[in-house]
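Have a look; sequence and predicted model below, questions after that.
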Amino acid sequence: MEEKQIEMKRAHKVTMEGRRSGTVTGVSDVLSFDVGEVVLRTEDGLLMIKGEELHVSRLTLEKGEVDIDGKIDSLTYTGGQGKKADKGTSLFRKMFQ
């Protein structure tokens, strides 16, 4: 019997509480993070979260969930639809297109 591996698509959602914290679902990878910027690969493309004193307070890639605390200034999507569109393309190349 042939074994098939099925990749489940996680629903992508961003929930914010004011500008001090937020939860992102549908995350497949955390590409980078520091106190000024968090870059996530989501089902809807790359998501760049910019702000001050940013902290990833919870990361559960098995469930595709990330919690972020700090002063959130902006959320910006780049790229196409998730992993398929981003495959084989570097983060820096996408940022400077």
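Great, that's in hand.

Please enumerate the helices of this structure.
82-86, 91-95 (DSSP state H).

tell me, which of these is the model least confident about?
Within the helices of the chain, confidence is poorest for helix 82-86, with a mean of 47 (mean pLDDT).

Enumerate the positions of the longest strand anywhere in the chain that are buried.
Identified as the longest strand of the chain according to DSSP state E is strand 45-60. Within strand 45-60, the residues that count as buried by 16 or more other CB atoms under 10 Å are 45-49, 51, 54. C-betas here are computed from N, CA, C, even on glycine.

burial count for the residue nearest to T15 when sequence neighbours are not counted?
Closest residue to T15 apart from its sequence neighbours, by CB to CB, 6 or more residues apart in numbering: T23 at 4.7 Å. Look at T23: counted by other CB atoms under 10 Å, it has 16 neighbours.

next one: the one 10 residues further on
Other residues near F33 number 17, with proximity taken as other CB under 10 Å.

Which strand residues bridge it?
For F33, the beta-bridge partners under DSSP bridges are V38.

in the protein, which helix or strand is least confident?
helix 82-86 (a mean of 47; mean pLDDT, DSSP states H and E).

Next one: the residue positioned nearest the centre of the chain from R10, what distance?
Geometric centre of the chain, nearest residue: L40, 2.4 Å, by CA atoms, centre = their mean. Note on L40: its distance to R10, by CB to CB, to the nearest Å, is 12 Å.

ok, now T23?
13 Å.

which residues touch the nearest residue to E37 once chain neighbours are set aside?
In space, and not counting its chain neighbours, E37 is closest to K50: 5.1 Å by CB to CB, 6+ apart. Counting by CB atoms under 8 Å, 6 or more residues apart in numbering, K50 makes contact with 36-37, 72-74, 76.
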